[in-house]
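1. Below are the sequence and a predicted model; questions follow.
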Amino acid sequence: MKPSLVNTAEPATYAQIWTFRTPRARLALWVGWLALVALFVYCWQVMNAETMWVFVADAPTQAADIGSRMWPPSLSYLPELMKPLWDTLNIATLGTLGGVIMAVPVAFLAARNTTPSVALIRPLALWVIVASRSINSLIWALLLVAIIGPGLLAGVVAIALRSIGFVGKLLYEAIEETDIRQVEAVSATGASAMQRLNYAIVPQILPAFWGITMFRWDINIRESTILGLVGAGGIGLKLQSSINVLAWPQVATILLLILGTVIVSEWISARVRHAIL
Amino acid sequence: MLELQQLSKTYATGDTALQDVSFMVPRGQVAGLIGPSGAGKSTLIRCINRLVDPSAGRILLGETDLAQVGRAELRRQRRRIGMIFQEYALVERLTVMENVLSGRLGYVPFWRSFTRRFPGHDIENAYRLLDRVGLLEKADKRADALSGGQRQRVGIARALAQEPALLLVDEPTASLDPKTSRQIMRLIIEICDERELPAIVNIHDVPLAQQFMHRIIGLREGAVVFDGAPAALDEAVLGDIYGAEDWTAMRREHEEDQAAEADATRRVAEVAR
């Protein structure tokens, strides 16, 4: 029986007060903000204790000093940088490629709707993703330089290992968000599990896949510029040696070159992603 | 021929969707399944191709009990069962042709389907089916570029590409306008007649069911409460299936739809003149 819309009893009285949050929620919110302010005050004190204010006081002078030494950038140094820049681009591109190749199977094993075993294999795949994400590229490179020696290869592998987590995580989320009805429809034709992946899931995640890959490539260009600092090749190596000999105009040239490269790669990545969506 | 014997389904949540459903659909018969939402219509047809696993009972398609088959055999059996879905369930980013050919997936090895090199007779048949549903020139368009009615036609062609022995149709017109609904329903009926294909059609629109179905099965709370000719569906039976109040509201809505459509047709005619 549906409730009748006609009210036959006494006309009811209704409250004029309505509040967005309950008193409990208001209290919790207030306590939360208070805790945040307290934390800020505490952190400020810690920072004060660890800072030597004499150095901070003449920071503007120091900055101006380094700035004046950097200017003008030594443009004659540019030709010498082209080879390391090329190396850096290769580290980023090959690293992205390797990372994506390893990330794709991991993503399918980690996604709830495609993993062969939710109890066993999925946690393993998630672990791989978390492990890769929790270690910074620079630290991967540091480890790899120790293991396989300095050079480009260490850089490529470091970028690849770091990319697995990023690409794997975003991709497995895309796989889990696929439309189940399209998958059901393909299953209902008698398709095998592999055919189901190929016909129902891959078409749905393809735009996300290219978007994620380009995004990661763009990030990797930026990350690979510093890998040289730990000996993993590329333009960072040049940066390191220029800083070591206090050749500030060269440092400025390298920083400008990196800036230019990053702008170009970001532009390319944005264009490609735009074209896909 | 399809026969259900004491089919029951209780979900893990404890909800009973089907209780002891038994009926038989002979060759060439199109049986409409009506009932309020939650009556178990969708569960019933999903049990038949095992998108949902039944809890008890037998599902006989020819000699095979579909409720008992293992994974590999289930794949083989699914090839014989075409399914048409409520919201078309096409793979939106694939072309129309790929969607139709996906009806052949159960018959071709993985590499052929991966490289999209289907056997010649499959391709020929896909073109013939697209022509039959009036979409031959759309073969290389992407599915998401089509209108609702056109997508459902692709869905029909995909199901027929399987060369099925049984057609399961889940609310084929739920997201279509009344006129397109009737065209789609007519197409399904014609095709079943041409091929002497037995079919089960879930349908919430009772007048549409009465107009097109060969036979009506009424479900309420997972049990069959009516099974007979469309003509035998009277007010009393419908009140029993849907609850008297809801049925009156549904009928009024249908009359309004029809009046609106007649009005629109008349006005278009006037403009043309």
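-> Done, it's in. Numbering: from 1, shown residues only, chains lettered A, B, ... in the order given.

2. Give me the neighbour count for A:I212.
-> Counted with other Cβ atoms under 10 Å in any protein chain shown, residues neighbouring A:I212 total 24. No exception for glycine: its C-beta is placed from N, CA and C like everyone else's.

3. Next, give phi and psi for the residue of chain B found nearest chain A.
-> Across chain B, the shortest distance to chain A (Cβ to the nearest Cβ) belongs to B:G106, at 2.7 Å. Main-chain dihedrals, B:G106, degrees, to the nearest 10: phi -70, psi -10.

4. Spell out for me which residue occupies the centre of chain A.
-> A:F166 (6.0 Å; Cα atoms, centre = their mean).

5. so which strand or helix has that one?
-> helix A:152-176 (DSSP states H and E).

6. just the helices in the chain please.
-> Since you didn't name a chain, this refers to chain A. A:23-50, A:53-57, A:59-70, A:78-110, A:121-134, A:137-148, A:152-176, A:180-187, A:193-196, A:202-224, A:235-244, A:248-276 (DSSP state H).

7. actually chain B
-> So, for chain B - with DSSP H - the helices run B:41-48, B:71-78, B:96-101, B:110-114, B:120-132, B:148-161, B:178-195, B:206-212, B:235-242, B:244-272.

8. Please work out which of the helices of chain A is packed deepest.
-> Most buried of the helices of chain A by mean neighbour count (mean count of other Cβ atoms under 10 Å in any protein chain shown) is helix A:152-176; its value is a mean of 23.

9. list the helices and strands the helix-or-strand element of chain B with minimal mean pLDDT packs on?
-> When the helices and strands of chain B are compared on mean pLDDT, DSSP states H and E, helix B:244-272 comes out lowest with a mean of 77. Packing partners of helix B:244-272 (3 or more Cβ pairs under 8 Å, 6 or more residues apart in numbering or on different chains; DSSP states H and E): helix B:178-195, helix B:206-212, helix B:235-242.

10. What about residue 117, how many residues nearby?
-> With no chain named, the answer covers chain A. 10.

11. Oops, wrong one, chain B.
-> 11.

12. B:R128 too?
-> 13.

13. what does the model give it for pLDDT?
-> pLDDT recorded at B:R128 is 93.

14. next one: the one 4 residues further on
-> What the model reports for B:R132 is a pLDDT of 89.

15. quick revisit: with distance to A:V56 as added columns, please give the helices of chain B in a markdown table.
-> Converted to a markdown table, the helices of chain B look like this (distance: least, Cβ to Cβ, whole Å):
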| stretch | distance to A:V56 |
| --- | --- |
| helix B:41-48 | 69 |
| helix B:71-78 | 70 |
| helix B:96-101 | 65 |
| helix B:110-114 | 63 |
| helix B:120-132 | 74 |
| helix B:148-161 | 66 |
| helix B:178-195 | 73 |
| helix B:206-212 | 79 |
| helix B:235-242 | 79 |
| helix B:244-272 | 76 |
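
16. Which among the helices of chain A is found nearest to B:T180?
-> When those are compared by Cβ to Cβ, helix A:180-187 sits nearest B:T180, at 19.8 Å.

17. who's in contact with residue 214?
-> Here I'm looking at chain A. Residues near A:M214 by Cβ atoms under 8 Å, 6 or more residues apart in numbering or on different chains: A:I268, A:S269, A:V272, A:R273.

18. Wait, chain B was what I had in mind.
-> B:Q29, B:V30, B:A31, B:P230.

19. out of those residues, who has the most neighbours?
-> B:V30 (22 neighbours).

20. Would you mind measuring from that one to B:D170?
-> Distance of B:V30 to B:D170, computed by Cβ to Cβ, to the nearest Å: 14 Å.

21. What's the per-residue pLDDT of A:Y172 here?
-> 94.

22. That one and A:N113 touch, don't they?
-> No. Assessed by Cβ atoms under 8 Å, A:Y172 is found out of contact with A:N113, at 9.7 Å.

23. Provide the backbone phi and psi angles at the nearest residue to A:I180 once chain neighbours are set aside.
-> Take A:I180 and drop its neighbours on the chain: the residue closest to it by Cβ to Cβ, 6 or more residues apart in numbering or on different chains is A:N113, 7.5 Å away. Geometry field for A:N113 lists phi and psi as phi -90, psi -10, criterion degrees, to the nearest 10.

24. Could you find the closest non-adjacent residue to the residue of chain B closest to chain A?
-> A:G190 (2.7 Å).

25. Could you list which residues are in contact with that neighbour?
-> B:R75, B:R76, B:Q77, B:R78, B:R79, B:L105, B:G106, B:Y107, B:Q162.
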